[in-house]
Every structure is written in C-alpha cells, then in structure tokens.
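> What shape does this take:
(chains A, B and C)
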Amino acid sequence: MGMEKVEKLINSDYELGFEIDIEEEKAPPGLSEETIKFISRKKNEPEWMLELRLKAFHAWQKMEEPHWAKVTYPPIDYQSISYWAAPKKALESLDEVDPEILRAYEKLGIPLEEQKALAGVAVDAVLDSVSVKTTFVEELKKLGIIFCSISEAIRDYPELIKKYMFSVVPMTDNFFAALNSAVFSDGTFVYVPKGVKCPMELSTYFRINAQNTGQFERTLIIADEGSYVSYNEGCSAPSRDENQLHAAVVELIAHKDAHINYSTIQNWYPGDIEGRGGIYNFVTKRGLCEGENSKITWTQVETGSLITWKYPSCILKGDNSVGEFYSVAITRLAQQADTGTKMIHIGKNTRSLIVSKGISAQKGQNTYRGLVKIHESAVGAKNFSECDSLLIGDRCGAHTFPYLESKCANAQIEHEATTSKISEEQLFYLRQRGISEEDAVSMIVHGFCKDVLSKLPMEFAVEAKALLDLTLEGAVG
Amino acid sequence: MKPIALNLDAYSHKKAIVQKLRSMGMPTPKTEHYRYFGIKPILERDYTFLPPEPGAIEPGDHLEIVDGRVAQAPKGLYIEHLPQVRVDDSHYDQIYYISHLLAPATIQIEIEEDMELPITHKFTQNGAFIPYRIKFLVHEGVKFKIKEEMVVVSEGSLYFYGYDIQIAPKGEVRLVSNRVTNIEDFALFGSHSIEVGKEATFTLFTFDLGNAKTIHNYHTILHERASHEANHVIFAKRQARLGNTFHIEHRGKEATTTQRSRNILKDRGRGIFDGLLIVKNPAKFASITQSSKTILLNDGAYMVSKPQMEIYTEYITQASHGSTTGHLDEEALFYLRQRGIALEEAKEMLVLSFLEEIFTRLGDEELRREFIAIYEERQ
Amino acid sequence: MKKIMEIKDLHASINNKEILKGIDLDLYEGKVHAIMGPNGAGKSTLSKTIVGHPDVEVTQGEILYKGKNIIDMEPEERALEGIFMAFQHPVEIPGVNNAYFLRTALNAKRKHLGLPPLNAAEFLRLLKAKLKELGMKEEMIHRSLNEGFSGGEKKLNEILQMEILEPDFVILDEIDSGLDIDALKRVSDAVNKMRDGKRTFMIITHYRKILDYIEPDFVHILKDGKVLKTGGIELVDALEREGYKVFGES
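Below is the predicted model:
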C-alpha cells in the first residue's frame, strides 16, 4: 500500500492522549517496608493484610525480573516509582465526583452516568488507585452478589479474601505478581453465590493518571457452584513521556458448573513511533476451573501499551471443565506484545480452545506464546489452538512460540498457525468496488479478527470494533 | 572432569570461542533449547576427559570414527586435522562452542566431486567425556550424500560431536542420520552448523531410536533461493530423552524450508521437537512450513512440541505450522483387529503408516526395512 | 454514437516489461465491445489498466472516460465513477461477510451520488430480490466473501455485485472461463438484461461461445499490445476458421 499515505496517517495523534488535572495525594517514590506500611495504613487495612503484603515484599526482594519474553526495554528503576496515589477525598455519590474527572471519562467515551445505567451495566470505575464510584451495588446485593473494591472486600469480607486471594496466583508466582501482592493499590472483587446468574455485565474502567505512579490493580472473581458472571475490563491512559509500569493480577475461581466470562479491552498509551512514553504492561491473569463442568473464557482485544507481557491462563482441574482464550493483539508504532495463554489440563475430559489473532504494523513486534500442558491424569483431554498473524509493512514482526506438552496418551493436542500479509489482490478487489483503501484494510482486518470479536459481549464488541478502526487509522494507509 | 566446571582460562589460544562462551554462559536447565532435556545431571557428572588425538587411518569402504578419532576412511578421501577452524559466530547452542573449544582438532574433509560417504560413529569408552568435530566443505554444484550410523557400547559416557557443513552455491547435500542409541546410561549432544549457499540444497533425515539421552541442535543458514528439507523421526522408550532443536535462518530471499517431525513415544520416553524458523527482513518471499505429529503409546510418555516462527517481513510467500499430539486411532485399530490382525501387529501397522510420508520421501527401501527391524526389536 | 471511453496511444508495463504498446480504442455508450486476442496479447493488462491495478504502470498515453483522463485516479474513484470489473479470479476474503461488503460498496456509491445510505433492512430487500432473479441461494449472503464458493458461484457473485452497483461501464474479464453451459447462460441473461442502451460492456474472452449469447456491437482483435483490427462479429467467424494469422502482422 502507498507508503506516503502510511506515513501521513502514522502521525495522527493518540486520541485519548490528554491528562486530567486533579490534585493527587502521592507517596514519595521508592519501595521499602515503610512504603508498604504507608499503603496499608492509607487503606485502613487489617493487620493480617499488612503481614501478607510484607511477606510478598520480602519474597519479591529475592526474585529477579524475568527476561525470557521477546520484548526489550530499558531497565526499570523500581525505586523511582511512586507506589501510591489517590484522589484526596473519598466520594459517596456521583455528584461528588470531580466534574473534571467526569469530563475526562466522557472524553474517553465512558459515560459513567445514565448511559451505562440505562444499558444495565454496573460500573466500578478506578481512577488511579482508589475506587471512585460503585453503582448498582444495591441491586446486585439483592441477588447476593458482592461487587466492590478489593479494599472494601478486605474490610468487609475477610473470610472470602483469606480463602481465595493468592489461591490461584500465589504471591510468589512471578516477579511482577509478587510486586503486585506487596503494593497492590485497589481493584475489583466479585462474588457470585450458588446458582445465581448475574443479570448484567460487570464493568471496570482503569485509567493510569498520576505521573510516575505504578499501577497495581488486583482483581478477584469467585463464581460459586452453578453461577454465571460476565466481567468486562477496559483501559485507556493519557499521553506522557515517562514510561509507566503496570503490573496487575487477576484471579478467577469457577466452582462446579460455574462459568466466568472475562473480557478485556486494553488501550493504554502505546508511546510514539520511537516508543517514548508508552506503558509497560506486565500482567498475571489466571483462572482456576476448580469444579466439574466449570468454564472460564478469556477474551481480549489488546491495542495499547508499549510493552505487553500477558498470558491469561486456565488451570483445568475439575473434570469436564473448559478453558477458552480468544485474543486480538495489534502492535504498531514501536509496540511489543508478548502475549498468549496457558492451558493446564489436569481433570478428565477437560477441553481448551485457543484462538489468537496477531496484527503487526509499522515497527510493531507481535509474539504469541502459549503453553498447552496435558498431565497424565487428564484422560480424554482435548486442545485446539489456532494462531494467525497478519503483517502490514516491512519493519514489523510476527512470532509464534507454542509450547505443547502432553503426557497423556488418551488426549489430543492440535495446533495450527499461519502468517500472512494483507494481499494486494484482496485490497484491490475491494477498491474496485468503490471502497476506500482505508476502509478496505479495516474490512479485511475485521474479517481476520471476526472469530474473536464475536466472543465479546455485544456492547463491548461495538467498542472494540471502534477501537480497532481507531488503531488502524494510524497504522495503515 | 565435570563439564559444568569447564575452565575457560585454559583455552586462551581459542580467544574468539572463549569470548563467545563467556557472553553466552554455560547451558542451564533454563536455556531455552535444553528446558525439557534435563541437562544438569549430565553436565555435573564426573567423567574421564579423553580428547581424541589424531592417529593412523586404515583404508576402508566407509568413514569410521571411533571415540572421536578417524580409524578408517575410504581411499582418496582427503582428511585434514585442523587445530583451529572458522566457526559459526551466531550459533544458539553453547555446546557448539564448547565442543569446538575442547576438540583438539577438527576433522576437515573437502568434497570436490559428487560422492556418497557412509559414516559410522563408534562410542566405546566407559565413563568418558569425549568431544570431537567434523567439517565438510562442499564445492559449488557438487552432490554429496552422507549416511550416518551409530554403534554404542559405551556406558556412563558423554559425547559432544557435530558437523559444520558449508555448501557452496548450487551444491546439494543429503544427510541421513540413523541414530540408534540403545544404552540407557549414555548421553550424546550433537551440535551442528550448516550454511546453505545460494541455490544450494540441504536435505536432512534423522531417525532417533533408543533409550539414551541424546539431543541434536541444528543451526541452518539459508542464502538466496536455497532450499532445505528436514524430516525427523523419534522413537523413544523407557527413560529415553530424544530431542532435536533447530534455528533455521532465512538470510536470502526466496529460500524454502519444509520441516516434518513424527514422534512415537512409549513408556516414560520423552521426545522434544523445538524448531524455530526465522525469516529476516531482507529474506523476502520465503516459504516455510513446519509440521509435527506425535503418537503417545501410553500415559507417562511425554512429548514437547514447539514449532516456532519469527518473521520480520510481510513479503512472505507461505508461512504455516501445525502440530498434533494424540494416540493411535482407536477406530482404525479396531477395524484391523476385526479383520483378524493381532493388537500389537495392528498397532505397529498404524505406527508405520504414521511414518509413511517420511519413508516415502526418503525413498530408501533398505533403510525402511532397517528401521522396521529396529522398531520391532525394540517393542 | 457517443464515446464513453477513448484510449489514446496507451503504453503500459508490468514489472518493467512493456505489455501495451500503443493501444488506440474508442468505446461507445450503450454498446458491447468484445476484446479478443491470443494469450499474451495484453487483454488482461488492458482491463487492469482501465481499473487502475497497482501492478500496472502507464508509461505513455491516456484513457479518457466521460471526457476526463483517469490515469491518475485511485481505483476506488474510478469505481465510484461507474467503472466495474468482473474479475477473472475473484479473491476470497475470509471473515468478511458478503452482504456487509456489498452494502458498504453500495453505500459508498450512493454517497458519491449524493443519495442517503440504505439501511440494513432496505438493502436486504434489494439483495434478496436480486438473488432470486439470478437464481442464487440466499445462504450465500451470510458467507464470507467468495470463500469456499465454487467457480460458478464466484462468477455469479460478480454479476450480482454488478446488478446492485449499477455501473456505467462494465468489464467482463473472461467471465466465461470455467463456467458450464448452464451457468454461462445465466450470466449472459443477466448481462443482456443490463443492456439498456446506456450501459457499456467490454467483454474479454478467448472463446466465441459467450458472444453467441451476448451479441457484440464491436469486436476488437488485440495482438502484441496493439489493436490489430476492429470490426463486427464477422471477425470472430474469420478467427474461428483460420486463427489469428488471418489478420496478418501489423
């Protein structure tokens, strides 16, 4: 395609690149026992939580930052990061939310008020590190569903937290998970009781704002026997020059016959064509299919961040449990994404499905890294993986690194992968029918991603499609 | 001597290699291509270090290398022993450099005209650690066929060996490796570097059968319009760990790679297929395909399959890989048994049909029969 | 007779190899022009040049369409101006829904004409009517664009697009290749129905058969990148009898 056009479009600015000017209360940069005590105190946490945080911190101090992923970035100075930032006062209702924040959300296309409410979506919006607002909680409460911030859950539901937090992602699981365990600021907690089907999509929007502040979200979702919940997480961040670190942890637990649907749209600032100012995103997401016939579905659309290191995984422990992973990852500019999934088959007749679509443009490097591991016990297990890559331009890269391990004779693994470019013939065919080059590229890319986009909840899918177009606008001509 | 405690300072005369090794470090269980092999106990063991010194060569009908020393060679084959040779400066395997460092001389053979060369490697020393290297320089347009076999009687030993093969433009090399290693307490590391010149061809067939621990690491570089076909069969049983790993690098445009791996695993046998295909930016219009298929004959047998691709250009003609791991087709098995074929025989029939594609490509009836004989013997 | 397209001294290359070596050709509004010629004569290159395929580089000459030189126009601009090509080998585009694609194309055209876009329901009504006319299965509109279509289905899909987009100038690039007699008849019927005295057709073919169904007003013989001869159906008869050599060397 026309290179001039590409170059012209590359320079279209990041649409969400603006900063919210609100007063921040911030911890001084640096990480020590004192910092952790400060965070815990700020959050009025019980003593046992502080002890857990310190335990994680001590473990983290002995760990090394992993470098096996196919991403390169300058060393991170963990002592120059500020580990705590919060809006100054706690807010009771929407009316108290700073109009500036509300305006910012609106600019991001996140109407926190009526629109969402009318759409039947309860929103737990996280600005920087503290929950600002939770709606619909009352309605959910009637069904026995708990939907609140992690901080509240630590105070109000200590038994659930003690039982489930760190049960899927142990605090020492990996370097970034340990860091998160020590300093996590806030996040979301969901508990769906036995037999309850959550009647609405639960959503959270994350936003990194405070300069030089690491973002350490923690999410815990528990679906008790026979329950169902669908949770959407969407992200966007303002433009800036310093690289920002994000190390979130998400834990999901699905009991017998329960189903958790977890969808993500990730659109953090990717940096400029040289990678300046982009977000570093090192996330640990893992779900445990604890009970029989349980099911966890991960769906992600990743268009942002300078560096992405993320492998939403399923441990298929319960017999007949199912893990699914649907992913679209787009890298352009100087973005590097090393993402994929792990499907660990332990229970009998467990099934997993992986559909990964990687798109690279400009200088973007896109890596699929996936592990399918079938234990001896997983008799009758089946996996199918499909990993397709699409290259746009000659400076980008597409990489596929599947790890397929099987110890069970009565199990099946099937993996297929292709790498292709948008063919000139396809592009020309569409243009001959009067469709502009940009629309034609968008059409082909949407077609390429269709299997994944169709898995998103309706409303989220519309957003994802819009985001895809927005992203491509800057990347292809 | 413990290989892990290798003292690099003692090899200051091979400065470049020492430097390279210092930057790479010794291989560890975390080294990507050794992750599933269990390298640690092998390298930490104490062996008698027996670097092979060149000696008298008997004339014979094939090239025979006994414990790293050329014992026999066909007449007219010009063999040199070079204390220093140019090495591949971008190999991914540390053991490639260690073997070059420790081998007192590289056995270098120039191939100036079309020829077929059978090679037998004999491993006879017990408790020994023996490194050796062989280098072939294949001249422009020359067709060269190697048929390699192994005889293992050694126990408790560790051997490092490997080929450096340089194929000049339009040369054709076909290497058939029949690697039967039936002693359990035996470890072999092959670390190879093959540079395939412009419009040259490299065809590789490997058959790994046995109970030992062997791993072969191939770094293959393809220049413009070079073509590479690689076929691998692994049959591992008991405690065997048999692996092949690859970095196949397309450096010139319009080169082709086709890779097939067929693995059959029994008992606690472990198979490793770790193939990375790299297409660099200038290597436009590459065509690469990879397929790995595995049959596990029982639970506890273990297959690790990593068909991998790194692509840095959108101008690719074809790029795809596939991998399957499963068991013998129960329906097919039942069908055969219903026709009166005994279970074991039916299984064997299906296993061989699974390998048919590779045997067809090999086109060597003798080797096929040999393989079947070995396979049957091993049941 | 009004000229819709005038091709003047057109030279064009693909991969730096000159294929069109000075084409002069007038095409008239409402007429059917058949282009014939041996392999390598430049028939396909000529059609690619008219629709602005990126492989083709025009080195000399011009193509005047409705009085304007279109050489520098983007392919989609030419399409919106009413130039439609039925491809010899329509590409498959996985995941792109056939109906969605066609509505996008139609609405691009309507926008160009200053008409409001058709909504999904209006479009579906139109589409279903056309499908019925062409005897095509309704399920094909839910399938991906050309994916898994048989050769005949692909060609019919091209005709369907033509009917919906209602172009002024239609190029049928070997539409007859790979069609059985029944499919050829359906395609020809559809084309004949579209002949309304305004719309111009350029039929590129190797074979006489399609010209029995779609009667041409003009026949042009191409050879070595030039128009060797222009005439009527009698040229085809001569060709049938004696091959291209009958026209001698120019």
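
> residues from the stretch 201-350 of chain B in reach of chain A?
The stretch 201-350 of chain B comes close to chain A at residues B:281, B:294, B:296-316, B:319-327, as judged by CB under 8 Å from any CB of the partner chain. For glycine as for every other residue, the C-beta is placed from the backbone atoms N, C-alpha and C.

> go again using 6 Å as the cut-off
Within the stretch 201-350 of chain B, the residues that sit near chain A (CB under 6 Å from any CB of the partner chain) are B:296, B:298-300, B:302-306, B:308-314, B:319-327.

> Residue A:74 in helix, strand or coil?
Classification of residue A:74 by DSSP: H, G, I helix; E, B strand; the rest coil places it in coil.

> mind checking pLDDT for it?
For residue A:74, the model assigns a pLDDT of 84.

> Can I get the buried part of the residues of the stretch 201-350 of chain B next to chain A as one ChimeraX selection?
To isolate the buried ones among these in ChimeraX, judged by 16 or more other CB atoms under 10 Å in any protein chain shown, type:
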select /B:296,298,299,300,302,303,304,305,306,308,309,310,311,312,313,314,319,320,321,322,323,324,325,326,327
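
> Filter the residues of the stretch 201-350 of chain B next to chain A down to just the ones in strands.
Using DSSP state E, the subset of those located in strands is B:296, B:302-306, B:308-311, B:319-326.

> Filter the residues of the stretch 201-350 of chain B next to chain A to keep only those in contact with chain C.
Checked against chain C using CB under 6 Å from any CB, those yield no neighbours at all.

> What about the closest residue to chain A within chain C, how many residues nearby?
Per CB to the nearest CB, residue C:95 is where chain C lies closest to chain A, at 2.9 Å. Residue C:95 is flanked by 19 other residues according to other CB atoms under 10 Å in any protein chain shown.

> Next one, pLDDT for the most centrally placed residue in chain B please.
Nearest to the mean C-alpha position of chain B, by CA atoms, centre = their mean, lies residue B:216 at 3.9 Å. pLDDT recorded at residue B:216 is 97.

> Touching, it and residue B:243? I think so.
No: here residue B:216 does not reach residue B:243: they are 7.2 Å apart, not a contact under CB atoms under 6 Å.

> about what we covered before: which helices and strands sit right next to the strand or helix carrying the residue nearest to the centre of chain B?
Assessed by DSSP states H and E, residue B:216 sits inside strand B:213-222. Secondary-structure packing of strand B:213-222 (3 or more CB pairs under 6 Å, 6 or more residues apart in numbering or on different chains; DSSP states H and E): strand B:186-196, strand B:241-250.

> what angle sits between the shortest one and strand B:186-196?
Note on geometry: by axes from the mean of the first three to the mean of the last three CA atoms, to 10 degrees, strand B:241-250 and strand B:186-196 are set 10 degrees apart in direction.

> Give me the contacts around the very next helix or strand once past strand B:241-250.
Under the assignment DSSP H and E, the closest C-terminal helix or strand after strand B:241-250 is strand B:256-265. Strand B:256-265 is contacted from outside by B:227-236, B:248, B:271, B:273, B:275, B:277, B:287-296, B:301, B:303, B:351, B:355, B:358, using CB atoms under 6 Å, 6 or more residues apart in numbering or on different chains.

> thinking again about what came up before, give me the phi and psi for the residue of chain C closest to chain A.
Main-chain dihedrals, residue C:95, degrees, to the nearest 10: phi 80, psi -10.

> Can you read off the pLDDT for it?
For residue C:95, the model assigns a pLDDT of 77.

> how far away is the nearest residue to residue C:178 once chain neighbours are set aside from residue C:101?
Nearest non-adjacent residue to residue C:178, counting by CB to CB, 6 or more residues apart in numbering or on different chains: residue C:151, 4.2 Å away. From residue C:151 across to residue C:101, the span is 20 Å (CB to CB, to the nearest Å).

> ok, the two, which is more surrounded?
Taking neighbours as other CB under 10 Å, residue C:151 and residue C:101 compare with residue C:101 leading, 23 against 14.

> SS state for that one?
helix.

> hang on, it packs against residue C:146?
No: look at residue C:101 against residue C:146 with CB under 6 Å: they stay out of range, at 9.6 Å.

> Now residue A:435: which helix or strand?
Going by DSSP H and E, residue A:435 is not in any helix or strand.

> got the residue ranges for the strands in the stretch 351-477 of chain A?
A:351-361, A:365-374, A:382-392, A:397-406, A:412-421 (DSSP state E, counting those that start in this stretch).

> Equivalent analysis for chain C, please.
Along chain C, the segments classed as strands by DSSP E run C:3-14, C:17-28, C:32-36, C:56-65, C:68-69, C:83-86, C:93-97, C:144-145, C:169-173, C:200-204, C:218-223, C:226-231.

> Residues in contact with the second one: which ones?
Residues lying outside strand C:17-28 but in contact with it, judged by CB under 6 Å, 6+ apart, are C:1, C:3-7, C:9-12, C:33, C:42, C:45, C:200, C:225-227.

> How about the least confident helix or strand in chain C by mean pLDDT, which residues are buried there?
Here the helix or strand of chain C ranked lowest by mean pLDDT, DSSP states H and E is strand C:93-97, holding a mean of 79. Using 16+ other CB under 10 Å as the test for burial, strand C:93-97 gives C:93-97.

> now, which of those sits nearest chain B?
Relative to chain B, the closest of these is residue C:94; by CB to the nearest CB it sits at 14.3 Å.

> show me where pLDDT drops low in the chain?
Since no chain was named, I'll use chain A. Chain A contains residues with pLDDT under 70 at A:1-27, A:85-137, A:204-214, A:235-243, A:473-477.

> hm, I was asking about chain C
Across chain C (using pLDDT under 70), the flagged ranges come out as C:246, C:248-250.

> Geometric centre of it: which residue is closest?
Nearest to the geometric centre of chain C sits residue C:171, at 1.6 Å (CA atoms, centre = their mean).

> That one touches residue C:202, doesn't it?
Yes: Residue C:171 lies in contact with residue C:202 (CB under 6 Å); the separation is 4.7 Å.

> residues shared between the contacts of the two?
With CB under 6 Å, 6+ apart, residue C:171 and residue C:202 have no common neighbours.

> Doesn't residue B:288 belong to a strand?
Yes: applying three-state DSSP, one finds residue B:288 inside a strand.

> ok, it touching residue B:319?
Yes: counting by CB under 6 Å, residue B:288 touches residue B:319, with 5.2 Å between them.

> what residues does chain C put near chain A?
Proximity of chain C to chain A (CB under 6 Å from any CB) is limited to residues C:51, C:53, C:75-76, C:79-80, C:85, C:91, C:93-96, C:104-105, C:108-109.

> rewinding a little: output the helices and strands packed on strand B:213-222 in CSV; the columns should cover distance to chain C and mean pLDDT.
Output for those, formatted as CSV (distance: least, CB to the nearest CB, whole Å; pLDDT from 0 to 100):
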stretch, distance to chain C, mean pLDDT
strand B:186-196, 28, 97
strand B:241-250, 23, 95
